[in-house]
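Asker: give me the fold of what follows.
(one chain, ligands or ions: 1)
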Amino acid sequence: MTQRIAVVTGAARGIGAEVAARLAADGNAVAVVDLDEAASKEVADRINGSGGWAIGIGADVSDEEQVTAAVTRVAEELGAPTILVNNAGIIRDNLLFKMTVADWDAVMGVHLRGAFLMSREVQKYQTKEGWGRIVNLSSTSALGNRGQANYAAAKAGMQGFTKTLALELGRFGVTANAVAPGFIATEMTAATAERIGVSFEDFKEASAAEIPVRRVGVPADIANAVSFFAGEGAGFVSGQVLYVAGGPKA
Ligand code: NAP
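Answerer: Next up is the predicted model:
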């Protein structure tokens, strides 16, 4: 199998860290990109310790110069990146009437501007190689979620972005797909529990009761789906949104 070079953003913890480990286990070299370089390196060290090949890079995906520098480093240290997982994300939840412009801009900046900047940079290598995979993290919140006008708009935006990349990049052997998780137990959902004043355990239990498979998701549920889209076998699947939510969503 050809060893591919994968870049996973927001990979210092949560879903991103699990995706990075999974892509490494699948045989890819992996660049773990996150705001905090030390935290990214810890994840890379764990991957290297279990027989994989990874490097940790600190970069803010919403910053054009940092994105260019990070992707250039990946190309120099690992090789031409051809797999990109746009996973970095933040929440700044509030009801519309209390949502600040800063809350709105921060969420758009990381999810949409970040995915745009990273994809624009990585596609240079993908189109040259004639092979590529882009996997974007959307969310069930794209369908609408109280208190998340900014996040829902960004995650719906990720779907339109994904479909457009599929249309533009298909002729170069590059596919683009989105994974839209439901409730996944990570620091992000723990922060939501804290904001609404319930314990994380109670929050997970109440959420699980509403999910057809009667459990909340774990990062490995998402890593499995990303692994499929990032693999050789998914070359005829492009522009799709896969809800990974323990039940049907549309
Ligand atoms: P998480 O635990 O909060 O991890 C997100 C990571 O992204 C953090 O390491 C964070 O770094 C990093 N990050 C934030 N802003 C960044 C930036 N500007 N540049 C680079 N990295 C940045 O979140 P998660 O639950 O794993 O979520 C991962 C993705 O899945 C997100 O896109 C999220 O919206 C999506 N998702 C999650 C769920 C869920 O239930 N958890 C559901 C649907 C979709 P810091 O730690 O330094 O802030």
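
Asker: what pLDDT, on average, does whichever strand or helix holds Gly16 get?
Answerer: Element membership for Gly16 (DSSP states H and E) is helix 14-25. In this model, helix 14-25 has an average pLDDT of 98.

Asker: packing partners of that helix?
Answerer: Counting contacts by 3 or more C-beta pairs under 8 Å, 6 or more residues apart in numbering; DSSP states H and E, helix 14-25 is packed against strand 5-9, strand 29-34, helix 37-49, strand 53-58, strand 83-86, helix 219-230. Bear in mind the C-beta positions are built from the backbone N, C-alpha and C, glycine included.

Asker: ok, then the element right after the worst-scoring helix or strand of the chain on mean pLDDT?
Answerer: Using mean pLDDT, DSSP states H and E, the weakest-scoring helix or strand in the chain turns out to be helix 187-196, at a mean of 94. Toward the C-terminal end, the helix or strand that comes next after helix 187-196 (DSSP H and E) is helix 200-210.

Asker: pull out the buried residues from that next one.
Answerer: Phe203, Lys204, Ser207, Ala208 (16 or more other C-beta atoms under 10 Å).

Asker: the closest residue to the second one other than its chain neighbours: how many residues sit nearby?
Answerer: Nearest residue to Lys204, sequence neighbours excluded (C-beta to C-beta, 6 or more residues apart in numbering): Val216, at 5.0 Å. Counted by other C-beta atoms under 10 Å, the residues lying close to Val216 total 20.

Asker: per-residue confidence for Val216?
Answerer: With respect to pLDDT, Val216 has a value of 98.

Asker: right, I'll leave it there.
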